[in-house]
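[1] Below are the sequence and a predicted model; questions follow.
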Amino acid sequence: MFIARDLAGRETYYGKWRVGSEQIKRRIGPKRNPATREGLTRTQAEAELRRLMSTLQQTSTLGGRTTVAEGGALLIESITAKGRKRATIQTYESHIRVHLAPFFGAQRLDRIGRREIQAFVRHMGRTGRSTKTTFNALAVLHGIFELARREEWVRANPCSLVDKPRSTEADPDIHFLELEEVEALLRAVPDDDLGRVERPMYLAAAMTGMRQGELLALRWRDIDWTARRVRVRRNFVRGEFGTPKSKRSSRSVPLADRLAGELDLLHQQTLWRGDEALVFANPHTGKPMDRSKLLKRFKAALRAAEVREVRFHDLRHTFGTRMAAQGIPMRALQGMMGHRDFKTTLIYADYTPSAHEAEWVEAAFAPSGAPDAQSLTEP
């Protein structure tokens with residue numbers, strides 16, 4: 001410890017020590033003037049120096065030398081303690097294990113900057129990773145650096161300085177099935193034990209807009225036959241039951257007569273009829289259907305029906321487009337589909353029926369003397 005004058009000319013205590021090969025210098029505080037109580041005595045300055053050295057030593061050991069993999073493990077602990085969904089935690093773990101840790105290796109967090117992260121973005125592109133995967137991996141890395149910044153292991157989050165990749169793969173169109181294609185799909189489902197569960201499940205996906213995980217978790221108690229509603233209260237994702245994707249995802253959707261009839265028939269045929277039993281249970285075990293097998297059979301049914309290949313999730317889009325085409329208000333559709341963000345629901349706005357819009361265009365380009373737009377809308 002030594003005394004030097006600061007920028008204001010006051011005598012000030014400073015400390016200087018080494019941590020490994022790194023030299024640390026810190027201001028401790030102003031020296032006490034004997035005529036006042038302001039400032040630090042030598043004993044107080046030495047105590048503060050010991051505290052400061054201990055704090056910085058701990059920070060250097062835990063943070064300054066921490067790698068992305070180690071920081072990622074701390075981030076997983078943090079989000080787990082906050083009660084994040086298991087599916088989210090598994091996604092974080094996957095990005096750290098598959099993408100981040102292999103690329104950054106033993107590099108310390110405090111040695112990683114914008115250039116290194118920009119190189120990671122280029123690496124992801126060269127290895128054929130999608131823009132969405134790159135964005136998600138960067139989001140996890142951002143979370144690691146935010147944790148490090150809060151712990152004062154790094155001074156700033158370099159992820160905020162990185163040029164994000166532009167998506168060249170975005171498809172502006174949503175994919176869905178026409179009504180004839182839905183009927184062809186249902187007819188093509190095999191008439192076996194699994195097929196007798198899959199057929200009403202496909203119909204439910206198309207007529208309620210429920211997500212696959214919500215359908216797999218649906219119980220007989222969630223079907224309100226009197227009110228003609230299906231209540232969405234949980235989902236089944238990555239082998240575990242949990243709450244829906246967001247608060248808005250906990251909702252109820254209308255139960256059309258046709259679907260009610262199909263579900264009633266399933267209830268009569270299944271061995272699993274209790275209130276807590278799954279509606280779309282594996283007919284042999286009563287447990288959730290295997291997602292991988294369900295997907296394979298869904299694709300096989302599409303081929304047998306000679307229907308273009310779509311994802312199971314596109315049955316949800318089928319519901320959204322059909323409801324929009326019926327003129328349902330977008331806010332009501334948002335509630336039915338459980339979208340947290342209204343902007344998500346607006347992808348179906350292009351399928352809503354127009355009110356006089358085509359007539360307005362006709363009038364605007366009509367030959368002279370033709371009826372104007374106002375006359376077209378007057379009774």
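    Yep, it's here. Computed from a predicted model, the values in this text were never measured in an experiment.
[2] make it CA atoms for all contacts and neighbour counts henceforth
    Fine.
[3] so how far does stretch 335-346 reach from one end to the other?
    12 Å (C-alpha to C-alpha, to the nearest Å).
[4] again, but for stretch 239-253
    Termini of stretch 239-253 sit 25 Å apart (C-alpha to C-alpha).
[5] what comes up buried for it?
    Phe241, Gly242, Thr243, Pro244, Lys245, Ser249, Ser250, Arg251, Ser252, Val253 (16 or more other C-alpha atoms under 10 Å).
[6] Now render these as a markdown table, adding distance to Met330.
    Listed next are the buried residues of stretch 239-253 as a markdown table, based on distance: C-alpha to C-alpha, whole Å:
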| residue | distance to Met330 |
| --- | --- |
| Phe241 | 30 |
| Gly242 | 28 |
| Thr243 | 25 |
| Pro244 | 21 |
| Lys245 | 20 |
| Ser249 | 16 |
| Ser250 | 18 |
| Arg251 | 16 |
| Ser252 | 16 |
| Val253 | 15 |
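[7] which pair in those residues spans the largest distance?
    Using C-alpha to C-alpha, the two most remote members of the buried residues of stretch 239-253 are Phe241 and Val253, lying 20.2 Å apart.
[8] and the next element down the chain from the helix or strand Ala205 falls within?
    Assigned by DSSP states H and E, Ala205 belongs to helix 195-208. Using DSSP H and E, the next helix or strand after helix 195-208 towards the C-terminus is helix 212-216.
[9] Mind giving me the packing neighbours of that next one?
    Where contact means 3 or more C-alpha pairs under 8 Å, 6 or more residues apart in numbering; DSSP states H and E, helix 212-216 is packed against helix 195-208, strand 235-237.
[10] 6 Å - rerun?
    strand 235-237 (3 or more C-alpha pairs under 6 Å, 6 or more residues apart in numbering; DSSP states H and E).
[11] ok, and what's touching the strand it packs on?
    Residues external to strand 235-237 that are found in contact with it (C-alpha atoms under 6 Å, 6 or more residues apart in numbering): Gly213, Glu214, Ala217, Phe241, Gly242, Thr243, Pro244.
[12] so where's the stretch 201-350 of the chain uncertain?
    Applying pLDDT under 70 to the stretch 201-350 of the chain picks out residues 245-246.
[13] residue ranges of the helices in it, please?
    212-216, 257-269, 291-304, 314-325, 330-337, 342-345 (DSSP state H, counting those that start in this stretch).
[14] and these as JSON lines, adding mean neighbour count and distance to Gln118?
    Output for those, formatted as JSON lines (neighbours: other C-alpha atoms under 10 Å; distance: least, C-alpha to C-alpha, whole Å):
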{"stretch": "helix 212-216", "mean neighbour count": "23", "distance to Gln118": "36"}
{"stretch": "helix 257-269", "mean neighbour count": "15", "distance to Gln118": "51"}
{"stretch": "helix 291-304", "mean neighbour count": "16", "distance to Gln118": "36"}
{"stretch": "helix 314-325", "mean neighbour count": "22", "distance to Gln118": "34"}
{"stretch": "helix 330-337", "mean neighbour count": "19", "distance to Gln118": "37"}
{"stretch": "helix 342-345", "mean neighbour count": "14", "distance to Gln118": "30"}
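[15] So which of those helices is nearest Arg155?
    helix 342-345 (35.5 Å).
[16] mean confidence for the helix or strand that comes right after the closest one?
    Per DSSP H and E, the first helix or strand lying C-terminal to helix 342-345 is helix 357-364. For helix 357-364, mean pLDDT is 74.
[17] Give me the buried positions along helix 357-364.
    Trp360, Ala363.
[18] give me the number of residues near Arg234?
    Using other C-alpha atoms under 10 Å, Arg234 is surrounded by 22 other residues.
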